[in-house]
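# here are the coordinates; sequence isn't available:
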């Protein structure tokens, strides 16, 4: 999917996907410990490490801790992740000793569906689990990333099929079906703090936990985001427009993507 | 303590402690996997490995798997154990992955007290745990070795203070206070199969599980063993006399002990 | 001490129809050649266990080896969906496929419990998700000290655990390094185990980061150079990303898949990769 | 990222009166210098945690640092009893010492639970023994799948975990090898951690068998060459068995112990070993 093609401050064109990746990268603060999934989160995290957050600590679920890949990995189990890691541990250890106790600051998640309370579905489309319309890959590490990271960032392309009133299946909990599940469940993490899309950013309302539009990508209109959202989207009182990618960000991002070689990961 | 000094087949003198160590070594079959404590068990296991059981696999609770020390270790954490091991793992792993599932054939235990049902005490002497007459070192790895090894060998010097009707504290279960605890507890291991002492060998009665004298060390009389046992010791219908150590066994044992240098371990 | 066997002999002896079989390897060191040999031996009614069923499980499922899959993430890493896996679940082709679905954390802990001789494991998992409703091997347990409720998962104890490693010595001591996944746990949790290796050597050299599994805890070792292709073996060869991409087209279509199966598996003593 | 601190500064900042403090190291890499610094800083009312309280804990107990000991085996390895430990339990000298007693398997799993953010751990342990009757942190739990009853132990989460390792780099990444005990778990289970090391280096060389603890999971690192003496540091120095034997005579007698304490600890900036 290709979005609008606005221009950066210096006139360079950039895609809405590039804006989304840059916005995700900017959400990561230096020295944060970040649990990274493959694809866009991995790209964003590695971009952040090369721009404003050189001290960012990257964990991949394959057990590579503090990895510093020179090129983007194609899968979470790439050799480049092990070769450049501070430590390589087994998969039980990465989940039990590193993720579960709440040591990780930021978890990155995507999915096929997200709903107004930040719940994510990567399991099945359709309402019959045993006989789904579409069988998706499943949970992977996501349910425990959603539960245990101090903060969760969700990154997904905006569309009414993806942004639904209620997900068909809760694979990873946001704020639950009613927006109030999190306290009840006694989770370590505080849940999704931001949903970054190609059209802008949604954030949970502090009271109701419903996702609200708080930022727009450059040249995107509120109505465009409403049309791409499957529920009646609330809009914050003040909606900022994202700073377009700087030339530096764009250059590094494109160099990074070029290291992927054949085929971007999903 | 020094026992009688009988002679080996070829006339060499040996001590009752040497007979006990050799008898313990002979109890280990080739290719058995053996969980070894420091002191006499370690000496016996390393003697067995140098005589009839070159394929014996030694595990120490410090996490050294398949170790082949050239000299006797002074403690279960000696560097020589790590340097000669097939693998070195953490202490949680040695207990959880290696001992607990019942992978170990033979566990070696000693103690301050053993009773007629093979229960062992290494915790306190006296009947008030909070205010003991003598505070002993405690459990270490013994309770789970007693529970999970397929067979347990107990090695202890015979005396009425050590061989008591009922231990003051059950640190490691044999057959329980009534001889019937083992089935009730659903343990993987079958319990103590042999108590090897400087005077001979006791084995559990197949029905009652009470320890019965089945073998005598050379030149030891039944009455001597009865006098050294704190309960009315039953004697098997047929009591064999142990083969004295061979010259080969004695030579290797003495060479081994010489590698200990300063001070035998307890 | 593990026995050193030919791969076909090892599969014939160790893997029976109806067995629960786990092939593990987390992106790295996937035992692909062993999986192909299981297809070639026409094993049926297997319960296949794997955290990340990917191309090799797509192939085994499409070939009709399995009637149940236990897993936590099923996809073609870096490419997209698994079409044989989808076809089995959505259309019961070639046979119906029952599923038992977990998260990675749950599956990893199920192996840990299995390797530890425990009937279950405790974790902070599945909270607020719909998974427990559909998966019987997820439950809860209460902490006897704090009263807190936690997730519990049933132990995994496959009949056979299959992994690939870089090296073994003649006693069957196995050495692997790089990303090590749940391979050790899969071997220790299983009643029988098969380890394919790049090479059998006289003596294992020291290797930073290496995991060693003692030979007395392994049933059989088979020397199968390249046995993880198209996945990779650190220090030996790289991942063949093109194979994963090509698989997408082959597996989309039943006929094309069947042709692949005939040519590459049944028509070959050993698949080229 | 861990801070690199002088040992006295680190102990002053990290260890407070009344804290629960775990010094770990299973025969190998015992953090003796850190223990001596805790005595020198005259810390009181500590709950001391350690699987194998040996000479260093005998010294800390004799010096009156502790009012409680959590442990699984207390002895002078290769020599015999710990006389200060016995004197504290049997005669409350210099202060009464409460004990919380486990087996090694139980203690190891308590650290694992603590490192894992779980309130308890499950094991096959303590069955048929008298330990559960006297120790409140031992209980039972029932498997929700099989109904089987298993032992449960409460997690350990010390205020401070202290270990000794061979090396760290300037970011505080810690590298240790040889017998590694429960050191990683002790660091990860604790709220704060102090790692003394033989040397701080620019870059950690590759090392077969090494365990690495990332610097961002460590509070402070102190360079203390010889900091494990009289225990040993593989690759650096051997165990000083004579010290353990000499300790038997020193510790048997209260006056001789007090003299040792004055001369070797309070009278010295750093004990010779």
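Done, it's in. No experiment lies behind these values; they were computed from the predicted model shown. Residues are numbered from 1 along each chain as shown, chains lettered A, B, ... in the order given.
# now the helices for the stretch 51-200 of chain A?
Secondary structure of the stretch 51-200 of chain A (DSSP state H, counting those that start in this stretch): helices at A:79-83, A:91-93, A:142-148, A:181-185.
# output these as a markdown table; include the columns mean neighbour count, distance to chain B and mean pLDDT.
No exception for glycine: its C-beta is placed from N, CA and C like everyone else's. Listed next are the helices of the stretch 51-200 of chain A as a markdown table, based on neighbours: other Cβ atoms under 10 Å in any protein chain shown; distance: least, Cβ to the nearest Cβ, whole Å; pLDDT from 0 to 100:
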| stretch | mean neighbour count | distance to chain B | mean pLDDT |
| --- | --- | --- | --- |
| helix A:79-83 | 21 | 20 | 88 |
| helix A:91-93 | 25 | 10 | 98 |
| helix A:142-148 | 29 | 21 | 97 |
| helix A:181-185 | 15 | 28 | 90 |
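# turn the ones you listed into JSON lines, columns for distance to residue C:53.
Below are the helices of the stretch 51-200 of chain A laid out as JSON lines (distance: least, Cβ to Cβ, whole Å):
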{"stretch": "helix A:79-83", "distance to residue C:53": "21"}
{"stretch": "helix A:91-93", "distance to residue C:53": "15"}
{"stretch": "helix A:142-148", "distance to residue C:53": "16"}
{"stretch": "helix A:181-185", "distance to residue C:53": "29"}
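# now render the ones you listed as a markdown table, adding distance to chain D.
Formatted as a markdown table, these follow (distance: least, Cβ to the nearest Cβ, whole Å):
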| stretch | distance to chain D |
| --- | --- |
| helix A:79-83 | 11 |
| helix A:91-93 | 9 |
| helix A:142-148 | 8 |
| helix A:181-185 | 15 |
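# do you know which of these lies nearest residue D:125?
Checking the helices of the stretch 51-200 of chain A against residue D:125 by Cβ to Cβ gives helix A:91-93 as the closest, at 20.0 Å.
# could you see whether chain C lies near that closest one?
Yes - applying Cβ under 8 Å from any Cβ of the partner chain, one finds helix A:91-93 in contact with chain C at A:91-92.
# which of the helices of the stretch 51-200 of chain A sits closest to residue B:240?
Evaluated over those, closeness to residue B:240 peaks at helix A:91-93, with 49.7 Å, by Cβ to Cβ.
# report all helices and strands that the closest one contacts.
helix C:104-115 (3 or more Cβ pairs under 8 Å, 6 or more residues apart in numbering or on different chains; DSSP states H and E).
# roughly how far apart are residue A:137 and chain C?
Distance, residue A:137 to chain C, using Cβ to the nearest Cβ, to the nearest Å: 4 Å.
# could you do residue A:210 as well?
Residue A:210 sits 17 Å away from chain C, taking Cβ to the nearest Cβ as the criterion.
# equivalent analysis for residue A:196, please.
Here the criterion is Cβ to the nearest Cβ. By it, residue A:196 lies 22 Å from chain C.
# is that residue in contact with residue A:153, as I believe?
Yes - judged on Cβ atoms under 8 Å, residue A:196 makes contact with residue A:153 at a distance of 6.5 Å.
# strands along the stretch 151-273 of chain C, start to end?
Assigned strands in the stretch 151-273 of chain C, in chain order: C:160-169, C:174-176, C:192-201, C:211-213, C:220-223 (criterion: DSSP state E, counting those that start in this stretch).
# can I get the ones you listed in CSV with mean neighbour count and distance to residue A:35?
Compiled in CSV, the strands of the stretch 151-273 of chain C are given as follows (neighbours: other Cβ atoms under 10 Å in any protein chain shown; distance: least, Cβ to Cβ, whole Å):
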stretch, mean neighbour count, distance to residue A:35
strand C:160-169, 28, 25
strand C:174-176, 26, 24
strand C:192-201, 22, 30
strand C:211-213, 23, 23
strand C:220-223, 24, 35
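# let's have these in TSV, adding distance to chain B.
Output for those, formatted as TSV (distance: least, Cβ to the nearest Cβ, whole Å):
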stretch	distance to chain B
strand C:160-169	9
strand C:174-176	9
strand C:192-201	12
strand C:211-213	4
strand C:220-223	14
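# can I get the ones you listed in a markdown table with distance to residue C:143 and mean pLDDT?
Shown next, in a markdown table, are those (distance: least, Cβ to Cβ, whole Å; pLDDT from 0 to 100):
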| stretch | distance to residue C:143 | mean pLDDT |
| --- | --- | --- |
| strand C:160-169 | 31 | 98 |
| strand C:174-176 | 35 | 98 |
| strand C:192-201 | 34 | 98 |
| strand C:211-213 | 31 | 95 |
| strand C:220-223 | 41 | 98 |
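# hmm, back to that, compare residue A:196 and residue A:153 (neighbour count), which wins?
residue A:196 (29 against 22; other Cβ atoms under 10 Å in any protein chain shown).
# contacting residues for the more buried one?
Each residue near residue A:196 by Cβ atoms under 8 Å, 6 or more residues apart in numbering or on different chains is listed here: A:20, A:23-24, A:27, A:153-155.
# that older thread, okay, and the common contacts of residue A:196 and residue A:153?
A:24, A:27.
# who's in contact with the one residue in the stretch 151-266 of chain A that gets nearest to chain D?
Sorted by distance to chain D under Cβ to the nearest Cβ, the residues of the stretch 151-266 of chain A start with residue A:188, at 7.0 Å. By Cβ under 8 Å, 6+ apart, the contact list for residue A:188 reads A:101-102, A:147-148, A:150, C:124, D:117.
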